[in-house]
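In: Task: produce atomic coordinates for the following.
(one chain, ligands or ions: 1)
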Amino acid sequence: MKKVVSLMVALAGLGFSAAAQSPIALNIQLDKPSGKISPHMWGVFFEDINLGADGGIYAELVKNRSFEFDEPWMGWKKLENGVEGTYLLVNDSKRKGNKRYLRLNNAGNLKLGLQNEGFRGMGVKAGGAYEFSLQYQSTAKGMTIHVELLDPQNKVIGAAELPLDPVASWSEAAVKFPVDQTTEKAKLNVWFTGEGTLDVDMLSLFPVDTWKGRRKGLRKDMVQMLADMKPGFIRFPGGCIVEGRDLANRFQWKKTVGPISERELIINRWNTEFKHRLTPDYFQTFGLGFFEYFLLAEDIGATAVPILNCGMACQFNTGEVVPLDELDEYVQDALDLIEFANGSTATKWGKLRAEMGHPEPFHLKMLGVGNENWGPQYIERLAIFKKALNEKHPEIKIIASSGTDPEGDRFDFLDDKLRAMNIDIIDEHYYRPPSWFLSSASRYDNYNRNGAKIFAGEYASHTTRPNGPGKSTWEAALSEAAFMTGLERNGDVVEMASYAPLFGHVDGWQWSPDLIWVDNLQVYGTPSYQVQKLYATNRGTAIIPIMRDGESVSGKDSLYASAVYDESSKELIVKVVNYNSQPKKVNLDVVSKKKLTATAQLVTLANPDLNVSNSLEEPLNIRPKESTVVYNGKKLVQTFAPYSFTLIRLPTK
Ligand code: AHR
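Out: Residues are numbered from 1 along each chain as shown. From the prediction side, this is the model:
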């Protein structure tokens, strides 16, 4: 007896636990799909939080380019003073959306100058070209602008001259110039010479090399991270930002389209939200507005999912509501948005879309009314939206909020009401610890399947909440992967899912964890990003039952699994999470009339240490490793590594 025990101890020490010794049998009914996977199942949630848009994906390098921040000089420094009145900040109420501009009164042909600090500096690359532009008016002759980029030691690393032709009304001037050094903390000097009065506004610097080479466009590396995920949809513009701290600062899509210089900026609600992460220079300039969001969605092949304000400000803040008899404007915004996205170019808003460069419709199919709103006041307002939208646009599916939490009185109240109203899609949010994600892998197994579909619209596994910033560890990601087997298994009721938030800037975040981290030059995906990407790029088209003793594989022995069939590639795709510190041996018994080819592709994310994460320095600690495996017939034997997420792609004939 003593000998047997010591042999077992020795084997365990070598990693041969009893669990690894006795295979777990899973049965896969390949010919009996239990439902369809929605084509936009796995998507992304975009919000301008953590410098996600301004200072992030929107590639503008100048902060407060139009002097419209509450403190008009924020981000700027005068380089030469001149006499009193030399720099005059004019506030002209006739200028739509952009009232302030700078008047330079240069009586003595002085060299006047401004310096802009950028968003935590400006990221520029050696060999890259940058475009400086501004709007100006001046009838004086001989006005010239000299721009220079400086590195942190004040060395000039790029410069250009921009002579300004005399003009009677506001005009644009621009110049491109190369940069010969890489730094993520450059700053911009703008020098003005020439005698007379010069009005300037919209002082701007963009890399020429943007996503798809669009002038004044988006940061290429950040969009690429999204494109690589092949997301089924993109939800925008949030998040709480939709609601605003008060109604005056809610997101109004109409103020984000048309000429960029006329888009009226507002304070970003994350500017002041967290006392421990105040971000006084955080504003929404709307250079990334609704047109650009639709374009982004189209570029990356994602369905656009706009979320609109429902007549309520954030209930964590003021909770202001618009009186019901004043809700029309909000409802009209929704109707007009559909026209902007889908209407013919003969309509008012369709025409604007065409003028902005996209005569073809954007094919909007769904929209959200409200984000994390709750209570009877929400239902009352939603009902008015629903009536108008259903009457005028029965083709548009409505997404409605089930509040901030996935359970509790607030949730139950909303879930009942939304189902009674025949809402198309219910938006559920869960920011929870890893244990919740693991124990909720079967959440949707017995969900109400009559009527509303589910949009897991915001979720993330929070390892240290609420006492500190959550870290995007392998523990968090693996628990999400386990939970997502449950979303996939129930793809007939779970229509869409997206992790949140999407981006975090290492020098400017308010909320953590996030899916993708950036600084001014680099970008990396967290372990959660790797999980999301594997799901989204291995979506499949049909749900294939995978069972253990007739039950779903949702946590017994810390094993989780789901399977799909992909009609176009004719592959069976099995996803398995082993949430054990020991390897797990599994017999996968595929029942099918189809022939399986012998060689399957295996993709694995694994690490025995759950605390491991990715970082700017080590971006690929957790990354997919690919291999092939040869199976014999339809009984596949596979050992899954400790703390691993494995994907098996098995071609069928
Ligand atoms: O994703 C961050 C925030 O979390 C969103 O803005 C909000 O909807 C949720 O509370």
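In: from here on, contacts and neighbour counts on C-alpha atoms
Out: Will do.
In: quick one: buried residues of stretch 173-181?
Out: Across stretch 173-181, burial judged by 16 or more other C-alpha atoms under 10 Å covers 173-179, 181.
In: Now compare those residues and name the two farthest from each other.
Out: The span of those, defined through C-alpha to C-alpha, is set by 173 and 181 at 25.1 Å.
In: Give the burial count for the residue of the chain found nearest the ligand, as a bare number.
Out: Here the residue of the chain nearest the ligand is residue 239; by C-alpha to the nearest ligand atom that distance is 3.3 Å. Applying other C-alpha atoms under 10 Å, we find 24 other residues in the vicinity of residue 239.
In: related to what we said a few turns ago, let's have the buried residues of stretch 173-181 in JSON lines, adding pLDDT and secondary structure.
Out: Listed next are these as JSON lines, based on pLDDT from 0 to 100; DSSP: H, G, I helix; E, B strand; the rest coil:
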{"residue": "173", "pLDDT": "98", "secondary structure": "strand"}
{"residue": "174", "pLDDT": "98", "secondary structure": "strand"}
{"residue": "175", "pLDDT": "98", "secondary structure": "strand"}
{"residue": "176", "pLDDT": "98", "secondary structure": "strand"}
{"residue": "177", "pLDDT": "98", "secondary structure": "strand"}
{"residue": "178", "pLDDT": "98", "secondary structure": "strand"}
{"residue": "179", "pLDDT": "98", "secondary structure": "coil"}
{"residue": "181", "pLDDT": "98", "secondary structure": "coil"}
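In: JSON lines for the residues you listed, including distance to residue 439?
Out: Formatted as JSON lines, the buried residues of stretch 173-181 follow (distance: C-alpha to C-alpha, whole Å):
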{"residue": "173", "distance to residue 439": "59"}
{"residue": "174", "distance to residue 439": "57"}
{"residue": "175", "distance to residue 439": "58"}
{"residue": "176", "distance to residue 439": "56"}
{"residue": "177", "distance to residue 439": "56"}
{"residue": "178", "distance to residue 439": "55"}
{"residue": "179", "distance to residue 439": "53"}
{"residue": "181", "distance to residue 439": "51"}
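In: and which of those is nearest to residue 362?
Out: Distance to residue 362, by C-alpha to C-alpha, is smallest for residue 174 among the buried residues of stretch 173-181, at 31.0 Å.
In: can you tell me the helix or strand for the closest residue to that closest one other than its chain neighbours?
Out: Leaving aside its sequence neighbours, residue 174 sits nearest to residue 133 (C-alpha to C-alpha, 6 or more residues apart in numbering; 4.0 Å). With secondary structure defined by DSSP states H and E, residue 133 is part of strand 129-138.
In: Who does the helix or strand that comes right after that strand pair with, and is each partner parallel or antiparallel?
Out: Sequence order places strand 143-150 as the next helix or strand after strand 129-138, per DSSP H and E. Sheet pairing of strand 143-150 (DSSP bridges) gives strand 156-164 (antiparallel), strand 183-193 (antiparallel).
In: tell me the most buried of those?
Out: Across the strands paired with strand 143-150, the average number of neighbours (mean count of other C-alpha atoms under 10 Å) peaks for strand 183-193, which reaches a mean of 22.
In: now the angle between strand 129-138 and it, please.
Out: Relative orientation of strand 183-193 and strand 129-138, computed by axes from the mean of the first three to the mean of the last three C-alpha atoms, to 10 degrees: 30 degrees.
In: How far does strand 183-193 sit from its chain's centre?
Out: Its chain's C-alpha centre and that of strand 183-193 lie 30 Å apart, by C-alpha atoms, centre = their mean, to the nearest Å.
In: What average pLDDT does that strand get?
Out: Strand 183-193 carries an average pLDDT of 97.
In: From the contact counts, what lies against the helix or strand following that strand?
Out: Where DSSP H and E defines the elements, the next helix or strand beyond strand 183-193 is strand 196-207. The helices and strands touching strand 196-207, judged by 3 or more C-alpha pairs under 8 Å, 6 or more residues apart in numbering; DSSP states H and E, are strand 100-106, strand 129-138.
In: just the angle between the strand holding residue 133 and strand 100-106, please?
Out: Orientation check (the same axes, to 10 degrees): strand 129-138 against strand 100-106 gives 70 degrees.
In: Who are the packing partners of strand 129-138?
Out: Packing contacts for strand 129-138, counted by 3+ C-alpha pairs under 8 Å, 6+ apart, involve strand 167-178, strand 196-207.
In: could you dump these to a markdown table with distance to residue 302?
Out: Shown next, in a markdown table, are those (distance: least, C-alpha to C-alpha, whole Å):
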| stretch | distance to residue 302 |
| --- | --- |
| strand 167-178 | 33 |
| strand 196-207 | 25 |
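In: re the thing from before, alpha carbons of the strand holding residue 133, as CSV, please.
Out: The C-alpha coordinates for strand 129-138 follow below in CSV (Å, rounded to 0.1, in the frame of the first residue of the first chain):
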residue,chain,number,x,y,z
ALA,A,129,6.1,61.9,-43.3
TYR,A,130,3.8,64.3,-41.3
GLU,A,131,1.3,66.9,-42.5
PHE,A,132,0.9,70.2,-40.7
SER,A,133,-2.2,72.1,-41.6
LEU,A,134,-4.2,75.0,-40.3
GLN,A,135,-7.0,77.3,-41.1
TYR,A,136,-6.1,81.0,-41.5
GLN,A,137,-7.3,84.3,-42.7
SER,A,138,-5.0,87.3,-43.4
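In: where's the residue nearest to residue 489 when sequence neighbours are not counted, which helix or strand?
Out: Computed as C-alpha to C-alpha, 6+ apart, the closest residue to residue 489 that is not its neighbour in sequence is residue 562, at 5.6 Å. Assigned by DSSP H and E, residue 562 belongs to strand 559-566.
In: Low-confidence stretches in the stretch 351-500 of the chain?
Out: 465-469 (pLDDT under 70).
In: Was I right to think the residue nearest to residue 174 contacts residue 177?
Out: No - the criterion here is C-alpha atoms under 8 Å, and residue 133 misses it with residue 177 at 11.3 Å.
In: where exactly do the helices run in the stretch 1-150 of the chain?
Out: Secondary structure of the stretch 1-150 of the chain (DSSP state H, counting those that start in this stretch): helices located at 2-13, 18-21.
In: what's the least confident stretch among the ones you listed?
Out: Across the helices of the stretch 1-150 of the chain, helix 2-13 gives the lowest mean pLDDT, at a mean of 39.
In: Flag the shaky bits of the stretch 1-150 of the chain, pLDDT-wise.
Out: Residues of the stretch 1-150 of the chain that meet the cut-off, pLDDT under 70, sit at 1-21.
In: that older thread, show me what contacts the residue nearest to residue 174?
Out: Shown in contact with residue 133 (C-alpha atoms under 8 Å, 6 or more residues apart in numbering): 172-175, 202-205.
In: try residue 219
Out: So residue 219 contacts 56-59, 210-211 (C-alpha under 8 Å, 6+ apart).
In: can you give me the helices in the stretch 401-550 of the chain?
Out: 409-420, 434-439, 474-489, 527-536.
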